[in-house]
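S.K.: Fold the following and give me the result.
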Amino acid sequence: MTRIAVLVSGGGTNLQALIDAQKRGEIPGGEIVLVLSSRRDAYALERAAKAGIATAVVPRRELSSEEFDRKLCEELTRHQVDLVVLAGFLSVLGPEVLNRYKNRILNVHPSLIPSFCGPGMYGLRVHQAALERGVKVTGATVHLVNEVVDGGRILLQKAVEVLPGDTPETLQRRVMEQAEWVLLPKAVAMFCRGELKE
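M.R.: Next comes the predicted model:
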């Protein structure tokens, strides 16, 4: 059984998609054993508690980069985690976590990488940039995480149409519903089946 940790910073909509997929039996061979937040007030922690999943908080703002990296590793080790999934996790992982979980960290990004990605591109900023550029198609990407922000190997992508009159908020919602919530459980299931090994 692949033991999965989901790292979050906010509302946890992608976490919920994973919890729902797990309940539907769509992640055979995998189990979410930990939801870890970088913020104490993240609603994602309530979602985890309702689903009976263990939670932990490693508050990014209260720690140095080195302490944050070390404490993340401690929590992941304590829960014997095999796969780390970033689901709206707004902190950059440090070298200790990246090295220990090399090729075992997945992230979902709300654009078709290499468009609208990299440092500072997260949340509504991504969708704002897509609208300002005037693209007709955007989407989401699940990729492996390495030391380059949004730079790891692309695993899955799904395109989503940009509609006339879209705002960053309406586009964000459509990308989540049509792409992120579909791709992330699919990628996790692929990992648990051994299909993503290097």
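S.K.: In this protein, what residue spans correspond to helices?
M.R.: Remark: helices assigned in the chain by DSSP state H are 13-23, 44-50, 65-78, 95-100, 124-133, 168-175, 181-192.
S.K.: and for the first one, what are the contacting residues?
M.R.: In this case it means helix 13-23. The contact list for helix 13-23 (C-beta atoms under 8 Å, 6 or more residues apart in numbering) reads 4, 6, 8, 27, 30-32, 35, 44, 47-48, 51, 53, 85, 87-88, 108, 176, 180-181, 184-185, 188-189. Any C-beta I mention is one placed from the backbone N, CA and C, and that applies to glycine too.
S.K.: Ok, the last one next?
M.R.: Outside of helix 181-192, the residues within contact range by C-beta under 8 Å, 6+ apart are 2, 4, 13-14, 17-18, 20-22, 26-30, 83, 85, 87, 104, 106, 108, 140-142, 155-158, 196.
S.K.: Out of these, which sit inside strands?
M.R.: If you go by DSSP state E, these have 2, 4, 30, 83, 85, 106, 108, 140-142, 155-158 in strands.
S.K.: What is the nearest of those residues to Asn99?
M.R.: Nearest to Asn99 among the ones in strands among the contacts of helix 181-192: Leu83, at 15.6 Å, using C-beta to C-beta.
S.K.: didn't that closest one look like it was pressed against Leu7?
M.R.: No: counting by C-beta atoms under 8 Å, no contact exists between Leu83 and Leu7, whose distance comes to 11.1 Å.
S.K.: Could you check which of those two is surrounded by more residues?
M.R.: Taking other C-beta atoms under 10 Å, Leu83 and Leu7 do not tie; Leu7 has more neighbours (28 against 21).
S.K.: give the contact list for that one.
M.R.: Neighbouring residues of Leu7 by C-beta under 8 Å, 6+ apart: Val35, Leu36, Ser37, Ser38, Leu72, Val84, Val85, Leu86, Ala87, Phe89.
S.K.: May I see the residues you listed arranged in JSON lines, with neighbour count and distance to Leu98 as well?
M.R.: Formatted as JSON lines, the contacts of Leu7 follow (neighbours: other C-beta atoms under 10 Å; distance: C-beta to C-beta, whole Å):
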{"residue": "Val35", "neighbour count": "29", "distance to Leu98": "20"}
{"residue": "Leu36", "neighbour count": "26", "distance to Leu98": "16"}
{"residue": "Ser37", "neighbour count": "26", "distance to Leu98": "19"}
{"residue": "Ser38", "neighbour count": "20", "distance to Leu98": "16"}
{"residue": "Leu72", "neighbour count": "26", "distance to Leu98": "10"}
{"residue": "Val84", "neighbour count": "24", "distance to Leu98": "10"}
{"residue": "Val85", "neighbour count": "29", "distance to Leu98": "15"}
{"residue": "Leu86", "neighbour count": "23", "distance to Leu98": "12"}
{"residue": "Ala87", "neighbour count": "24", "distance to Leu98": "17"}
{"residue": "Phe89", "neighbour count": "25", "distance to Leu98": "13"}
